[in-house]
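Trainee: structure for the following, please:
(2 chains)
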Amino acid sequence: MLTALILLTVLMILGAFIALESKDLLSGVISLGIIGFALTIIFLVLQAPDLAIVQIIIETMTLVILIAAIQKTTREDTSDEFDAKKVMIWCAGLVFIIVFLLAAIKAFQHMPAFGEPTLRMAQYYIDNGLSLTGASNLVAAIILDFRAYDTLGEATVLFTSVAGVVVVLRKMGRKRA
Amino acid sequence: MTGMTPIVKRIAQLMVPSILLLGIYVIVHGHLTPGGGFAGGVLVAGCFALLTLAYGTEEMKSEVFKWRASLLESVGIFIFWFLAVSGVVQGSYFCLNLISKSNPGIPFNLFSAGNIPLYNIAIGIEVAAALFAIFITVVVLKVGEKS
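Mentor: Here you go, the predicted model:
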């Protein structure tokens, strides 16, 4: 199982590089699809069918929306030339990666071992979820009963983002442009 | 945006009912099987997106659908909020599972788990309307148009 996970992770990193470096935006978007579908297989291997269903459907829908956007605008990558500003951005990124790695090494030493998610709170949910809520799908019991407040926040984020998209891309109010 | 060939239209006609049924099944059985409001809502939205791609925006009257999607999105999140606040109105805490306390139901049955199926339906309406609103906004948009 670990070999499959490592292979899929390498595939995802390769897909991300191709998506960044390709000059054609359409092939870049399809390379982004590699990341999403490899993540779906990883969720299936790790036995998380809820996440796998959501991931595969969202990924397909995102590809359709992005391809529709590319057909409306342009297929060519119109990024800038290499200059001094880009060197600064690369240096800042490198510093961030080093700081992030140092912090992550500290943080990961306190995490439970791989495949043993025995947190105290999660164990309580697993033991008492069915008797307290009556929902046989434990994921639904957690996100819609124990942690329903988080889900309300999540739905609000989706609402806000859609409101932003509809306002920015609207036809009304463009007459003076 | 214009429609596609008659082959694509016919295939879309054949596929859409089963996709819509699967989406509604995933939403309604969210508390019993894997899935739930988010996954089922995206399936329903994808079904409408398939129809729009096959038949074109003129034949689908997309401008009307865009307003309805915006309205339904607000309705979905309002139902969720209303269900969550009803716990406070009863004198207890936010997001209380009211129906489960008074009428527990039998586990593994469709009518069980109290508020959870209702939350799932509200989220399903919201996600379906939200994703379809984004899709229709991008598809209807004409770049460089100055009317």
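Trainee: let me see the contact set for residue B:19.
Mentor: With contact taken as CB atoms under 8 Å, 6 or more residues apart in numbering or on different chains, residue B:19 is in contact with B:43, B:46-47, B:50. Backbone N, C-alpha and C define where each C-beta goes, glycine included.
Trainee: now residue 26: which helix or strand?
Mentor: Answering for chain A, as no chain was given. Here residue A:26 sits within helix A:25-45, counting by DSSP states H and E.
Trainee: oops, wrong one, chain B.
Mentor: Here residue B:26, judged by DSSP H and E, is contained in helix B:6-28.
Trainee: same thing with residue B:33?
Mentor: With the criterion set as DSSP H and E, no secondary-structure element contains residue B:33; it sits in neither a helix nor a strand.
Trainee: tell me where chain B has strands.
Mentor: Counting by DSSP state E, one finds no strands in chain B.
Trainee: just to revisit the earlier point, mind listing which of the contacts of residue B:19 are in helices?
Mentor: Filtering those for membership in helices, criterion DSSP state H, returns B:43, B:46-47, B:50.
Trainee: surely residue A:56 touches residue A:37?
Mentor: Yes - the pair residue A:56 and residue A:37 passes the contact test of CB atoms under 8 Å, sitting 7.1 Å apart.
Trainee: residue nearest the middle of chain A, spatially speaking?
Mentor: Compute the mean C-alpha point of chain A, and by CA atoms, centre = their mean the closest residue is residue A:36, 8.1 Å away.
Trainee: nearest spatial neighbour of that residue, skipping sequence neighbours?
Mentor: Taking CB to CB, 6 or more residues apart in numbering or on different chains, and ignoring the residues beside it in sequence, residue A:36 has residue A:59 as its nearest neighbour in space, at 3.4 Å.
Trainee: roughly how far does the closest residue to residue A:134 other than its chain neighbours sit from residue B:70?
Mentor: Nearest residue to residue A:134, sequence neighbours excluded (CB to CB, 6+ apart): residue B:113, at 4.3 Å. Here the distance between residue B:113 and residue B:70 works out to 30 Å (CB to CB, to the nearest Å).
Trainee: give me the more crowded residue out of these two.
Mentor: With neighbours defined as other CB atoms under 10 Å in any protein chain shown, residue B:113 and residue B:70 compare such that residue B:113 has more, 31 against 19.
Trainee: what sits against the closest residue to residue B:48 other than its chain neighbours?
Mentor: Closest residue to residue B:48 in three dimensions, ignoring its sequence neighbours and counting by CB to CB, 6+ apart: residue B:132, at 5.1 Å. Contact criterion CB under 8 Å, 6+ apart gives B:45, B:48-49, B:65, B:69 as the residues in contact with residue B:132.
Trainee: go again with 6 Å.
Mentor: For residue B:132, the residues meeting the contact criterion (CB atoms under 6 Å, 6 or more residues apart in numbering or on different chains) are B:45, B:48, B:69.
Trainee: sweet, I'm off.
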